[in-house]
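Participant: Need a 3D model of the following:
(one chain, ligands or ions: 1)
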Amino acid sequence: MSKYINLLFLLVSSLVIAQLQSPSDFLGYEIGTEFSRHSDVVKYLEHVAANSDMVAYQAYGKTNERRPLTYAIVSSSKNMANIENIRLDNLKNAGIKAGNADPKIAIVWLSYNVHGNEASSTEAAMLTIYKLVTENKAWLENTVVIIDPCVNPDGRDRYVNWYNQVRSTPYNPKQIAAEHHEPWPGGRANHYLFDLNRDWAWATQVESQQRLKIYNRWMPHIHVDYHEQGINEPYFFAPATEPFHEVISDFQRNFQVEIGKNHAKYFDKAGWLFFTRERFDLLYPSYGDTYPTFMGAIGMTYEQAGHSRGGLGIDNDEGFELTLMDRIAHHTTTGLSTVEISSLNAVKLNTEFKKFFQNGDLKYKSYILKGHPDKIDALTKLLDKHEIKYGFSNGGNVNGYSYTENGYGRMNANGALVVSTNQPKGKMVKVLFEPDTKLSDPLTYDITAWSVPYAYGLDCIASTSLVRANGSSPVVREVNQVFQNAAGYLVSWNSMYDATFLSDLLQNDIRVRFSEKDLSFNGKKFNKGSLVITRSDNIDNPQFAATLTKLANKHGRSLYITTTSFSDNRTDFGSPDIKLVHKTRIAVLKGKGTSSLSYGAIWHFFETQLKYPVTSIDTDNFNTRVLKNFDVLIMPGGRYSDFANDNSLKDLKTWIRSGGKVIAMGRAVNTFNDKEGFDVKRVKEDSSNTADDKDDDSSNTSGSNDEKLIPYDKRERERVKNNISGSIYKVTLDPSHPMAFGFGFGIITGET
Ligand SMILES: [Zn+2]
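Facilitator: Residues are numbered from 1 along each chain as shown. Got it, this is the predicted structure:
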């Protein structure tokens, strides 16, 4: 009898295998001969999950454009039956969950296509999962592979849909062909034109926010972030190059080498070129390689030649044709090789993973932070995204490194937020909070300064001893009650939360004023910049008190009610120093000539943070006649050569004289350089360390000609000295200026 059951089981399982189709069979075209739409990729992975007991496939969220964010969990059917325990054991091993575990299963996470127009990797994801569950099942006995086939579906579909519209059939490999020149803004970034490979630590975007939740549920041992680079640069894989952040362990460094050598074996056999240990470093914590690294994984970037220009095939500068098929083959090979080497080292990966989370030797044990409650709240929301633990101090003095003093300082810690490194994610705490990052090499890929206390405008002490945090948050939000007989309401002005509240008031047609003077009513004092909402301004609105109270409660703002507008200090509600806030009409330029990242940041800020409407205008459609409909024109970073002619500048001046305002950001300021009436001048660079100065140094005459010449092989390194890829400055603001209102707390202050 049991014999028959076994036979039946065999028949059924071979039937299941027979139903599992390759990507090419399922999609109806040879993989690599078309770019697949996101919806088709999702359908294929659903098909794999439906036809294999080695795959579970789920959505973890949606993009801004409502495309599904998804991930597949791939392992042996035996492991899949026990997958929740495998996950929990891994968290126990890291000390993130309570309990003991001695896991021996490697967890590998493959993230594809974070940059939408580096589009080969999502195709490779389909092929990789198929090969894992058909040809490479043995590795899955001790390995769980998590596959996110597309981290950035909005960006990828932007690229793929464009490409599919313009490509010729057959494809045209000539570089000049239209299909190799993607229009603004390109598919690299997400809907809001954010670079998701800079967003892991800050999680400003919905893709990152939702991904971090599952990332933290799994905490993989290996994380690969798939990319593409220029068409002439063959393939980059681990090991990465210096600078490495100092928290990176020897094991993490060494295992990158083992992985690289395993890939090299396959690349050498196939005759494919690659490079390692160049260009891509491990420092700034917001990348898809560094973030996982600081969370204990071996985090890596793999870069295939191709990128936006690649299309289905392109002739590169060296006379080779680079095809999508090649690109997919390379990315599939490194994916499989990563799983193989992880499977071979599964036990070691687990023991080393455990070690990474022991943080006894970090110099600073606690970071103690104080500042406006809104800013503390914003920081705790960030910590929550990374599931980093924190608490509040019950009191007592603390001392140590003061971020405000840039040296020794002390603080009364009563009510302060405390974030300590004696937790599993202590190394990430160090990386995010440390005042100064140690750079082993100045030649870094980009950002070099990000210290969280500065970024959030908070006072902070870094203490070498552990500070207890057994208090509760000192902030208690009051609930406002509707009060009909107020002469007016006062709201202090301290943070983005207040700005978002103001935005909501304006859009609900509540008229609001702000004060350029300090205010005092019935003994209660308010700083410059405070909002004043009077009954008389809103007398026509019968719902005024109810609407205002509802909005204040929605935003957690406390309304100070006064029954008289007669102040304690001569500035009454009718004072000329208490000015009406107009419902400003804002235009933002976008499109050709503008930086898509700069425009995207402005767009995202207004739409999702301030929640205030703006009108985006394409530079192609812009002319100065439209300005009469707006109060503010925002110019994102970019080049505005068409715009900077004499007639346009004349119109702009007329508009500004009648009250218009221009906010020019980054390079947009160049539009007004040395132009009459704009008072913008380019500041000459300080030439104190140029070769010319050395000529004046009479004590140094011998060989002075040689010293002028920077050797060819040192030029890149010299050039990088002129880059400022992240610096934090202490600045002095004029606290009486309206643009500085609200900065009274924290380190940025005019009162230092
Ligand atoms: Zn990339």
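
Participant: Just the CA atoms of stretch 438-457, as PDB, please.
Facilitator: Output in PDB follows, covering the C-alpha atoms of stretch 438-457 (Å, rounded to 0.1, in the frame of the first residue of the first chain):
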ATOM      1  CA  LYS A 438      36.900  57.900  10.400                       C
ATOM      2  CA  LEU A 439      37.900  57.900   6.800                       C
ATOM      3  CA  SER A 440      40.600  55.400   5.900                       C
ATOM      4  CA  ASP A 441      40.800  56.900   2.400                       C
ATOM      5  CA  PRO A 442      39.500  60.300   1.200                       C
ATOM      6  CA  LEU A 443      38.700  58.900  -2.200                       C
ATOM      7  CA  THR A 444      35.100  57.900  -1.500                       C
ATOM      8  CA  TYR A 445      32.100  57.400  -3.800                       C
ATOM      9  CA  ASP A 446      30.100  60.200  -2.200                       C
ATOM     10  CA  ILE A 447      28.700  61.400   1.100                       C
ATOM     11  CA  THR A 448      31.000  61.700   4.100                       C
ATOM     12  CA  ALA A 449      28.900  63.500   6.800                       C
ATOM     13  CA  TRP A 450      25.500  62.500   8.200                       C
ATOM     14  CA  SER A 451      25.700  62.500  12.000                       C
ATOM     15  CA  VAL A 452      22.100  62.200  13.200                       C
ATOM     16  CA  PRO A 453      22.100  64.600  16.100                       C
ATOM     17  CA  TYR A 454      23.200  67.400  13.800                       C
ATOM     18  CA  ALA A 455      20.800  66.300  11.000                       C
ATOM     19  CA  TYR A 456      17.900  66.500  13.500                       C
ATOM     20  CA  GLY A 457      19.000  69.700  15.100                       C
END
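
Participant: what's near enough to touch residue 584?
Facilitator: Counting by CB atoms under 8 Å, 6 or more residues apart in numbering, residue 584 makes contact with 631, 632. Backbone N, C-alpha and C define where each C-beta goes, glycine included.

Participant: helix/strand/coil for it?
Facilitator: Three-state call for residue 584 (DSSP: H, G, I helix; E, B strand; the rest coil): coil.

Participant: gap between it and residue 615?
Facilitator: According to CB to CB, to the nearest Å, residue 584 stands 11 Å off from residue 615.

Participant: Next: residue 311.
Facilitator: For residue 311, the distance to residue 615 - CB to CB - is 35 Å.

Participant: The two - which one has more neighbours?
Facilitator: The neighbour comparison of residue 311 against residue 615 (other CB atoms under 10 Å) goes to residue 311, with 27 against 11.

Participant: Find me the pLDDT at the residue nearest to that one when sequence neighbours are not counted, would you?
Facilitator: In space, and not counting its chain neighbours, residue 311 is closest to residue 179: 4.9 Å by CB to CB, 6 or more residues apart in numbering. Confidence at residue 179, expressed as pLDDT, is 98.

Participant: same deal with residue 42?
Facilitator: pLDDT at residue 42 comes out at 98.

Participant: so residue 398 is in which element?
Facilitator: Remark: residue 398 resides in strand 397-402, with elements defined by DSSP states H and E.

Participant: tell me what whichever helix or strand comes after that strand is packed against?
Facilitator: The helix or strand immediately downstream of strand 397-402 is strand 407-412, counting by DSSP H and E. Contacts defined by 3 or more CB pairs under 8 Å, 6 or more residues apart in numbering; DSSP states H and E place strand 407-412 against strand 397-402, strand 459-463.

Participant: Partner strands of the last one and their direction?
Facilitator: Sheet pairing for strand 459-463, assigned by DSSP bridges, gives strand 366-370 (antiparallel), strand 397-402 (antiparallel).

Participant: Can you tell me which of the ones you listed is nearest to the ion?
Facilitator: strand 366-370 (32.2 Å; CB to the ion).

Participant: And the next helix or strand past that closest one?
Facilitator: helix 373-385.

Participant: What helices and strands are in contact with the helix or strand following that next one?
Facilitator: Proceeding N to C from helix 373-385, the next assigned helix or strand is strand 391-392, under DSSP H and E. Packing partners of strand 391-392 (3+ CB pairs under 8 Å, 6+ apart): strand 417-420.

Participant: where does the strand it packs on sit relative to the chain's centre, distance-wise?
Facilitator: In terms of CA atoms, centre = their mean, to the nearest Å, the centre of strand 417-420 is found 23 Å from the chain centre.

Participant: Please export the C-alpha coordinates of it as CSV.
Facilitator: Only the C-alpha atoms of strand 417-420 are listed here, as CSV (Å, rounded to 0.1, in the frame of the first residue of the first chain):
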residue,chain,number,x,y,z
LEU,A,417,16.2,60.6,24.8
VAL,A,418,18.8,57.9,25.3
VAL,A,419,20.1,55.7,22.5
SER,A,420,22.7,53.2,23.6
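
Participant: Show me the strands paired with that strand, marking each as parallel or antiparallel.
Facilitator: strand 366-370 (antiparallel), strand 391-392 (antiparallel).

Participant: and among those strands, the most buried is which?
Facilitator: Most buried of those, by mean neighbour count (mean count of other CB atoms under 10 Å): strand 366-370, with a mean of 26.

Participant: From the chain's centroid, how far away is that strand?
Facilitator: Chain-centre distance of strand 366-370: 24 Å, with CA atoms, centre = their mean.

Participant: what does stretch 210-228 give?
Facilitator: The answer for stretch 210-228 is 14 Å, by CA atoms, centre = their mean.

Participant: Report the mean per-residue pLDDT for it.
Facilitator: On average, stretch 210-228 scores 98.

Participant: That stretch vs the ion: in contact?
Facilitator: Yes. For stretch 210-228, a contact with the ion is found by CB under 5 Å from the ion, at residue 227.

Participant: so how far is the first residue of that stretch from its last?
Facilitator: Using CA to CA, to the nearest Å, one end of stretch 210-228 lies 24 Å from the other.

Participant: Show me what counts as buried in that stretch.
Facilitator: For stretch 210-228, a neighbour-count test (16 or more other CB atoms under 10 Å) marks 210-212, 214-216, 218-228 as buried.

Participant: do the same with stretch 319-330
Facilitator: For stretch 319-330, by 16+ other CB under 10 Å, it's 322, 323, 324, 325, 326, 327, 328, 329, 330.

Participant: what's the first-to-last distance across it?
Facilitator: With CA to CA, one end of stretch 319-330 sits 19 Å from the other.

Participant: Briefly note if it comes near the ion.
Facilitator: No. Stretch 319-330 is not in contact with the ion by CB under 5 Å from the ion; minimum separation 13.0 Å.

Participant: all strands of the stretch 451-600 of the chain, in order?
Facilitator: For the stretch 451-600 of the chain, applying DSSP state E, counting those that start in this stretch gives strands covering 459-463, 488-491, 513-515, 519-521, 524-526, 531-534, 560-562, 578-580, 586-590.

Participant: Name the strands paired with the last one and say parallel or antiparallel.
Facilitator: I take that to be strand 586-590. When DSSP bridges is applied, strand 586-590 pairs with strand 615-618 (parallel), strand 632-635 (parallel).

Participant: and the residue in the stretch 51-200 of the chain that the ion sits nearest to, helix, strand or coil?
Facilitator: Residue nearest to the ion within the stretch 51-200 of the chain (CB to the ion): residue 115, separated by 3.6 Å. Assigned by three-state DSSP, the conformation of residue 115 is coil.

Participant: where's the nearest residue to it once chain neighbours are set aside, which helix or strand?
Facilitator: With CB to CB, 6+ apart as the criterion, residue 115 has its nearest non-adjacent residue at 4.7 Å, and that residue is residue 188. When elements are assigned from DSSP H and E, residue 188 belongs to no helix and no strand.
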